[in-house]
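> The sequence and its predicted three-dimensional model are supplied below.
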Amino acid sequence: MNAKYSYLNLFPSLAHTFDIDEFNKLQNDLIDQVYKLKNQDPDGHIISNRKGWQSKSFSLNFDGDVIHTTILDVLKSFPVIKNTTQMVTTAWINVNFPGAYNIRHSHPESNLSGVLWVKCPKDSGKIEFFNSKNFETYTEINSYIKEFKDRNLIHEVYWFEPREGRMIIFPSYLEHQVTENKSSEDRISISFNINLTNFRTGRST
């Protein structure tokens with residue numbers, strides 16, 4: 001008996017990627033501002049970071065600061081977000097020294113989360129995402145052939161190698177971690193959370 005086969009990938013978790021043009025023109029200003037803020041608050045804040053420095057969170061606004069402006073300018077160009085949707089964004093800075101990493105966590109009080117990689121030497125740590133349905137789908141995932149899993153991104157864990165000037169945005173419910181910085185230099189990133197509100201209804205979108 002012959003049977004025609006097809007499939008539909010239902011309910012994906014979307015990761016959005018932005019690559020900033022001519023990022024090298026911004027990079028040094030961003031790095032200088034990061035270390036300026038670090039020097040003002042050397043103790044920082046400890047949440048998921050281990051052996052590194054993390055700033056306290058701050059609301060993003062167009063106040064001329066290069067960190068604020070860079071992230072907000074990219075978010076303004078988010079092509080698939082409706083223009084009636086307001087994005088309220090808070091951010092924090094991560095400096096992962098050699099040997100530093102971030103433990104597995106999620107961001108439960110927001111809708112979307114993201115990271116902008118500012119400085120990431122080779123082997124300075126990648127971001128790993130965990131399938132939110134690992135428990136329910138473990139046997140199913142491991143029953144598929146490798147080519148099918150790779151083509152449809154059906155994995156227990158998926159990782160991104162950091163790239164300077166790249167921003168990724170993902171659902172805040174996705175658990176993730178940053179692996180150890182095995183380079184001899186600092187790894188710098190700016191993370192942020194986005195809360196979405198519909199202008200016309202006042203309700204969360």
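Nice, thanks for sending it over.
> if I read this right, residue 50 contacts residue 101, doesn't it?
Yes. The criterion here is C-beta atoms under 8 Å, and residue 50 meets it with residue 101 at 5.5 Å. C-beta coordinates here come from the backbone N, C-alpha and C atoms, glycine included.
> mind listing the strands for the protein?
Secondary structure of the chain (DSSP state E): strands located at 16-19, 49-50, 53-54, 58-59, 85-96, 101-105, 112-119, 127-130, 157-160, 166-171, 176-178, 187-198.
> Now find how far off-centre the longest helix that the chain contains is within its chain.
The residue-count maximum for a helix in the chain (DSSP state H) belongs to helix 24-40. Its chain's C-alpha centre and that of helix 24-40 lie 19 Å apart, by C-alpha atoms, centre = their mean, to the nearest Å.
> Could you name the helices and strands sitting against that helix?
Applying 3 or more C-beta pairs under 8 Å, 6 or more residues apart in numbering; DSSP states H and E, we find helix 24-40 packed against helix 66-76, strand 85-96, strand 112-119, strand 187-198.
> Save these as a markdown table, and put in distance to residue 138 and mean neighbour count too.
Converted to a markdown table, those look like this (distance: least, C-beta to C-beta, whole Å; neighbours: other C-beta atoms under 10 Å):
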| stretch | distance to residue 138 | mean neighbour count |
| --- | --- | --- |
| helix 66-76 | 35 | 17 |
| strand 85-96 | 31 | 20 |
| strand 112-119 | 25 | 22 |
| strand 187-198 | 29 | 20 |
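> which residues touch stretch 13-23?
For stretch 13-23, the external contacting residues (C-beta atoms under 8 Å, 6 or more residues apart in numbering) are 26, 70, 74, 77-78, 80, 129, 132, 160, 163-171, 174.
> Buried among the residues you listed? Need that as a selection in ChimeraX.
Per 16 or more other C-beta atoms under 10 Å, the buried members of those correspond to this ChimeraX selection:
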select :26,70,74,129,160,164,165,166,167,168,169,170,171,174
